[in-house]
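Trainee: Would you be able to build a 3D model of this:
(chains A, B, C and D)
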There are 2 protein chains.
Amino acid sequence: MFSIGDLSRRTGVKVPTIRYYEQMGLIAAAKRTEGNQRRYDRDGLERLSFIRHARDLGLSIEAIRELTELSAHPERPCADAHRIARAHRTAVRTKIARLKRLEAELGRIETMCDADTVGDCRIIEALADHSLCSDEH
Amino acid sequence: MFSIGDLSRRTGVKVPTIRYYEQMGLIAAAKRTEGNQRRYDRDGLERLSFIRHARDLGLSIEAIRELTELSAHPERPCADAHRIARAHRTAVRTKIARLKRLEAELGRIETMCDADTVGDCRIIEALADHSLCSDEH
DNA sequence: CTAATCTCTCTAGCAACTATAGGTTCAAGA
DNA sequence: TCTTGAACCTATAGTTGCTAGAGAGATTAG
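Mentor: Residues are numbered from 1 along each chain as shown, chains lettered A, B, ... in the order given. Here you go, the predicted structure:
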């Protein structure tokens, strides 16, 4: 039996975050001691590890909820799990593409200015004037 | 003189967002008509365009506040503006690197499974078990 | 003058937590 | 057994950058 603090140390998920996940219905409400403190078993530990890992991979709470519901029904087709993973991967790719454009733009802006004072600073100028940009963002 | 709606159409910033920026102190409180409606001049339009553009580049409200304060003092050295832009660029690069690792991992997970039912699905397995991952994330 | 469209303020909601306050319980040492 | 201090409890508010809604007032075109 683990206290919430034990669970936190073992998974790396902070204590208030664990309570938050419970409130959000991501993990089942834990058993309580007589004094109303949460106690977890190995099962609870594993479920939280799963969530931790999925969050690290950037999946939303909502996506994780879907996945945990799926895994509660092992007989169902796993196409849904694939769909969720694929959708997330697509979203990640889109984000990368956008950030790359931004990075290039910021690099361009940064090398544009060799002024000493703000009055001549082309960084601020470039930020003020979208037409100085090399592409859309 | 532009109404808040005019400003919104010209900059692409939504009306409630403009009011929000005013509340946050990013733009000066606009003059008002007798009937208490906001009226903007060309200056206000330009300031909002600046903010819009900087937000598009992903700069935080806080960073933009610093930049607008800088540009109000043209005699100051622009090293600070450079610092802000560089810091942001570094942050963007870090994000890209992390997302790329995620993307690779998600790709790996996705191709791992050819099961039909959730019970055998290796996607869910991989999400549950970090040790199956090829690197840290 | 009237009707349609803005605009006003205020409040609450989103995601995914984090922080604080004020109070209770647990576990270990004397 | 008692005490002390750490850990725990709930509830509420704050974070970021907006967005949505209610209900009331202003403006403008016909």
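Trainee: Nearest residue to the middle of chain A?
Mentor: Central residue of chain A (C-alpha atoms, centre = their mean): A:Gly58, 3.5 Å from the mean position.
Trainee: Which residue ranges make up the domains of chain A?
Mentor: Following automatic domain parsing, one gets these domains for chain A: A:4-71, A:79-132.
Trainee: Including distance to B:Thr68, could the ones you listed go into a markdown table?
Mentor: C-beta: built from backbone N, CA, C; applies to glycine. Shown next, in a markdown table, are the domains of chain A (distance: least, C-beta to C-beta, whole Å):
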| stretch | distance to B:Thr68 |
| --- | --- |
| domain A:4-71 | 32 |
| domain A:79-132 | 9 |
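Trainee: who are the neighbours in contact with the residue nearest to the centre of chain A?
Mentor: Contacts for A:Gly58 (C-beta atoms under 8 Å, 6 or more residues apart in numbering or on different chains) come out as A:His88, A:Val92, B:Leu99, B:Leu102.
Trainee: in what helix or strand does the third one lie?
Mentor: B:Leu99 is part of helix B:79-112 when elements are defined by DSSP states H and E.
Trainee: residues in contact with the helix or strand that comes right after that helix?
Mentor: Where DSSP H and E defines the elements, the next helix or strand beyond helix B:79-112 is helix B:122-128. With contact meaning C-beta under 8 Å, 6+ apart, helix B:122-128 is reached by A:46, A:49-50, A:53-54, A:57, A:59, A:67, A:70-71, A:78, A:81-82, A:85, B:109-110, B:112-113, B:115, B:118, B:132-133.
Trainee: Repeat the analysis, applying 6 Å as the threshold.
Mentor: A:Phe50, A:His53, A:Ala54, A:Ser71, A:Ala81, A:Ala85, B:Ile109, B:Met112, B:Cys113, B:Leu132 (C-beta atoms under 6 Å, 6 or more residues apart in numbering or on different chains).
Trainee: residues near the fifth one, how many?
Mentor: Burial of A:Ala81, expressed as a neighbour count using other C-beta atoms under 10 Å in any protein chain shown, amounts to 24.
Trainee: What pLDDT does the model give it?
Mentor: Looking at A:Ala81, its pLDDT reads 86.
Trainee: residues contacting A:Ile51?
Mentor: A:Ile51 neighbours (C-beta under 6 Å, 6+ apart): A:Ile64.
Trainee: Distance check, it against B:Ile84.
Mentor: 36 Å (C-beta to C-beta, to the nearest Å).
Trainee: ranking the domains of chain A by mean pLDDT, which is last?
Mentor: Comparing mean pLDDT across the domains of chain A, the weakest is domain A:79-132, with a mean of 85.
Trainee: what separates that one from the chain centre, distance-wise?
Mentor: Chain-centre distance of domain A:79-132: 20 Å, with C-alpha atoms, centre = their mean, to the nearest Å.
Trainee: Could you identify which of the contacts of helix B:122-128 has the most neighbours?
Mentor: A:Ala85 leads the contacts of helix B:122-128 on contacts (other C-beta under 10 Å) with 26 neighbours.
Trainee: Checking A:Arg39 next. Helix, strand or coil?
Mentor: Counting by DSSP: H, G, I helix; E, B strand; the rest coil, the backbone at A:Arg39 sits in strand.
Trainee: Show the contacting residues for it.
Mentor: Listed by C-beta under 6 Å, 6+ apart, the contact partners of A:Arg39 are A:Met1, A:Lys31, A:Thr33.
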